[in-house]
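> One predicted model, sequence on top.
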Amino acid sequence: MHKTLKVIALAAAIGISGGIAAQAEQIKVGFAAEPYPPFTSPDASGNWEGWEVEFQKAICAEAKLDCVITPVAWDGIIPALTSKKIDIIIGSMSITEERLKTIDFSDKYYNTPTGVIGPKGVAFEATPEGLSGKTIGVQVSTVHQDYANKYFGENGATVKEYQTQDEANQDLAAGRLDAVQADAIALDAFLKSDQGKECCELKGNVKDDPAILGAGVGIGIRKGEDELKGKLNAAIKAIRENGTYDTFSKAYFDFNIYGE
Amino acid sequence: MTIPPPDETTHAMAFTPEDLPTAASFFQPHRILLMIIFAGIVLSAAWFMRWDWLPQYLPKLGWGIVVTLAMLFSTAFLGFLFAVPLGLVQVTGPWPLKLLASGFCTVIRGTPLLLQLWLLYYGLGSLFPQFPEIRNSFLWPYLRESWPYGVAALTISFAAYEGEVMRGAFAGVPAGELEAGRAFGMSRWTVFRHIWLPRAIHRALPTLNGETVLQLKSTPLVATITVIDVYAVISKVRQDTYLTYEPLLLLALIYMCLTGILVILFRKLENRIPTRGA
Amino acid sequence: MADPAPFINWSLLALSPPGWGGVLLSGLFNSIQIAVGGYSLGLLLGVGGAFGKLYGGPILKDLLECYTTIVRAVPELVLILLLYYAGTDLINQALGLVGLPSVDISGLAAGIFVIGVVQGAYSTEVLRGAIKAVPAGQIEAARAFGMSPVKVMGRITLPAMLPYAIPGLSNLWLIATKDTALLAVVGFSELTLVTRQAAGSTKAYLLFFLAAGALYLALTLVSNVFIGIIERRARRGLVKAA
């Protein structure tokens, strides 16, 4: 009996110390476990690829961090960060006042406009008047959800919320939605896909509202981890200056994704 | 090769009327102590956790509960209607129908409900608009919504599980009763309508309690296809407030109350229709 | 545009990239891993729970009653979310209280934990029913021989109740394999989630969901073959129930 107990205790001790050792070195990079091209999407061999994966690799190399990518559910990504399931979020998360109450952000690493797409052959504009009476799809817990609720939902549109961007796009293609609001680049990737090419087109970008749409996308960090924040900010600055950022961005975009 | 009947396990997975405590057994010294401790936990949860979001979401929560209950009762009712023929053809039908029915039950019971739901909503649903006939038909406004897919998936699942129960119930009606009916000169149809079907349903009623509670436990899956049930409302609270425990604990409490009310109703019904030992 | 081509592009299921078959199979492997781990953990909890419920003191009995009641009244999906987020957090807070640094709990361990806790309540009930089906005289006879409670459990109660428990436990195994699909909601890469990722990336929704359904069904049917063998072995020497 005593022997068994000892073995169990030993195993537990190894397990715990192994866990601690692993945590001391590794930074778990969280992002949504869903296809979100061109930023993060799984390929057929189970690996993740996209612009944001390149960005994350460059940042981790520059800041000398041992990063492991950890896909999690988007609607639980902030609780996952605060409960230490992940250590940072590199998942196209906009820096907003609302989020800053709960978590901290690095400096921005990209900033793009917000667009609205709809089916071909139906003419409307991406304005509250144009979308009045229509059903518009957004991803939950995004700036687009808040924006659509404020500007379109309160002006006669029905806002339907989806767990993933991909599901919203799918429902637009399936004719269950009249429009989808999201990041202009993510929408562009959908419009360039076979399915998107056939069904849908860009109806325009929405009027900016920095209070809701945020000041660009940053790396999400737990509050109080200022040393890590400093490292990440320095790394963003370094890869911007030494040309790494532009090098991998060119493979994906023909314009400046960083914004002004 | 069929999967073993579910009714033995149903009780292990669902809270049923047998589990209700009796008033006499409830107030024992140690129970009172435990209840005091429990009340302390509840009070400290109410005091130390954040509940300021609650008033704002109450109307939505109420509506969510209505949607959940509507999903539960409509699919249990429809599912039971399908379960009767499913059970019957497995007992007496011609072999192609028998094979089809038992194959249906095996496939539905052998795959996760979540997958079936997504197959219907994203798989089948994305095919429909490719056919102009469907797109222009009167059904399209419904097919555009998400709840019909939720109702369909939950109904199919309930029918498959309860169909297996009905098969046992039909097979279990003593042959002598049916023969007696025939001996009275009843036609096969009359025997079925007046003896076989009522007796089989009577035998299956006790399992309905457990199956219905299990069905309630399956309803939150429809939130993953954008039906706004009580689970979806709580998810919205979680996303809006970034709180994890408070909304989920409240949700667990809501489901416990719903199960409790359901089970007490079943108890009342059982007292009216004596089914046990039938 | 009733072109059926998009959903019968079989090459998407090829085992090596650009086919997604390999990804699906590794998702299936993850699902099986969690099902096996969760089911085993559930059995351990179930044996303890069943004996506690039958032979424990009044307080232990009541606490176990609370456990099984909660799990049997609250949807698995809600329990999985609660346990997934709260479970690991609570462990780390408890460690923090006694001054230990927090541990890193892998997604796999968390998945096994949540499925195990849910399964534990179900198997408590199944095993309790089975133990009650063992004729009391057999257990009394063992006690009369002076066996200790542990010995009675190991030599009499557990082996004698097995034939009664196996149908219920087999059902629970099938439930465990299907419950792993719910982990998709917390972003764990099991079969259902990788299926949705594959479907979303390729837009071949119907094909991938049907393929995953076939994999789950195959798992169920293969399990049934083994369950049949185990049942026949366990029932040797028993009178076949009418």
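Arrived safely.

> drop to CA atoms for contacts and neighbour counts, all remaining ones
Will do.

> Which parts of the stretch 1-150 of chain A are helices?
A:2-25, A:51-62, A:77-82, A:97-100, A:128-131, A:143-147 (DSSP state H, counting those that start in this stretch).

> In terms of mean pLDDT, which of those ranks lowest?
Of all these, the minimum mean pLDDT falls on helix A:2-25 (a mean of 48).

> which residues does whichever residue of the stretch 151-260 of chain A sits closest to chain C contact?
Chain C sits closest to residue A:166 of the stretch 151-260 of chain A, with a gap of 6.3 Å, by CA to the nearest CA. With contact set as CA atoms under 8 Å, 6 or more residues apart in numbering or on different chains, residue A:166 has these partners: A:34, A:35, A:36, C:200.

> quick one: which of those residues is most hemmed in?
residue A:34 (27 neighbours; other CA atoms under 10 Å in any protein chain shown).

> Let's verify the nearest residue to it once chain neighbours are set aside: helix, strand, or coil?
Residue nearest to residue A:34 in three dimensions, not counting chain neighbours: residue C:197, with 5.9 Å by CA to CA, 6 or more residues apart in numbering or on different chains. Three-state call for residue C:197 (DSSP: H, G, I helix; E, B strand; the rest coil): helix.

> tally of neighbours for residue C:197?
Neighbour tally, residue C:197, other CA under 10 Å: 27.

> And for residue A:42?
Residue A:42: 21 neighbours (other CA under 10 Å).

> distance of it from chain B?
19 Å (CA to the nearest CA, to the nearest Å).

> Repeat that for residue C:54.
On the measure of CA to the nearest CA, residue C:54 and chain B end up 15 Å apart.

> Now do the contacts for the closest residue to that residue other than its chain neighbours.
Nearest in space to residue C:54, with sequence neighbours left out and distances taken as CA to CA, 6+ apart, is residue C:128 at 7.2 Å. The contact partners of residue C:128, by CA under 8 Å, 6+ apart, come to C:50, C:51, C:53, C:54.

> Which ones among those map onto helices?
Residues of these located in helices (DSSP state H): C:50, C:51, C:53, C:54.

> from these, which would you call buried?
If you count burial by 16 or more other CA atoms under 10 Å in any protein chain shown, the buried members of those come out as C:50, C:51, C:53.

> And these, which is closest to residue C:229?
residue C:50 (25.5 Å; CA to CA).

> Hmm, the closest one is touching residue C:125, no?
Yes: when contacts are counted by CA atoms under 8 Å, residue C:50 is listed as touching residue C:125 (6.8 Å).

> Show me the shaky parts of chain A.
Within chain A, the segments meeting pLDDT under 70 span A:1-25.

> now swap in the stretch 101-250 of chain B and tell me
If you take pLDDT under 70 as the line, the stretch 101-250 of chain B has no such spans.

> Of the buried ones among the ones in helices among the contacts of residue C:128, which is the nearest to chain A?
Nearest to chain A, judged by CA to the nearest CA, of these is residue C:51 at 20.3 Å.

> Next one, pLDDT for that closest one please.
Taking residue C:51 on its own, its pLDDT is 92.

> can you give me how far stretch B:82-94 is from the chain middle?
For stretch B:82-94, the separation from the chain centroid amounts to 20 Å (computed by CA atoms, centre = their mean, to the nearest Å).

> Name the residues that touch it?
B:97-99, B:101-102, B:158-160, B:162-168, B:170-171.

> Stretch A:224-244 too?
Applying CA under 8 Å, 6+ apart, the set of residues contacting stretch A:224-244 is A:58, A:59, A:62, A:63, A:104, A:105, A:106, A:107, A:109, A:221, A:245, A:246.

> Number of residues surrounding the fourth one?
Pointing back at residue A:63 there. With other CA under 10 Å as criterion, residue A:63 counts 18.

> which ones are touching residue A:138?
So residue A:138 contacts A:144, A:145, A:148, A:159, A:160, A:161, A:162, A:165, A:168, A:180, A:181, A:182 (CA under 8 Å, 6+ apart).

> residue contacts, the residue nearest the centre of chain B?
What sits nearest the mean C-alpha location of chain B, by CA atoms, centre = their mean, is residue B:215, with 2.0 Å. By CA under 8 Å, 6+ apart, the residues touching residue B:215 are B:72, B:76, B:154, B:158.

> Turn these into TSV, columns for neighbour count, distance to residue A:239 and secondary structure.
Shown next, in TSV, are the contacts of residue B:215 (neighbours: other CA atoms under 10 Å in any protein chain shown; distance: CA to CA, whole Å; DSSP: H, G, I helix; E, B strand; the rest coil):
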residue	neighbour count	distance to residue A:239	secondary structure
B:72	22	55	helix
B:76	26	59	helix
B:154	29	52	helix
B:158	26	57	helix
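
> Same list, those residues, but only the ones touching chain C.
Applying CA under 8 Å from any CA of the partner chain to the contacts of residue B:215, one finds that nothing falls near chain C.

> picking that back up, what helix or strand does the residue nearest to the centre of chain B sit in?
Assigned by DSSP states H and E, residue B:215 belongs to helix B:197-218.

> how distant is that helix from the center of its chain?
On CA atoms, centre = their mean, the centre of helix B:197-218 falls 9 Å from that of its chain.

> Repeat that for stretch C:182-192.
For stretch C:182-192, the distance to the chain centre is 15 Å (CA atoms, centre = their mean).

> what does that stretch rub up against?
Here stretch C:182-192 has contacts from A:32-33, A:71-74, A:76, B:114-115, C:24-31, C:76-77, C:80-81, C:84, C:107, C:111, C:180-181, C:193, C:212, using CA under 8 Å, 6+ apart.

> mind listing what residue C:73 touches?
B:14, B:15, B:213, B:217, B:255, B:256, B:259, B:260.

> mind running it again at 6 Å?
B:15, B:256, B:259 (CA atoms under 6 Å, 6 or more residues apart in numbering or on different chains).

> and the residues you listed as CSV, adding distance to chain A?
Listed next are those as CSV, based on distance: CA to the nearest CA, whole Å:
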residue, distance to chain A
B:15, 29
B:256, 24
B:259, 27
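
> so which of those comes closest to residue C:216?
Nearest member of these to residue C:216, counting by CA to CA, is residue B:15, at 27.1 Å.

> Now do the closest one: how many residues are near it, please.
Neighbours of residue B:15 (other CA under 10 Å): 27.

> Residue B:171 versus that one, what's the distance?
As judged by CA to CA, to the nearest Å, residue B:15 and residue B:171 stand 27 Å apart.

> Many thanks, have a good one.
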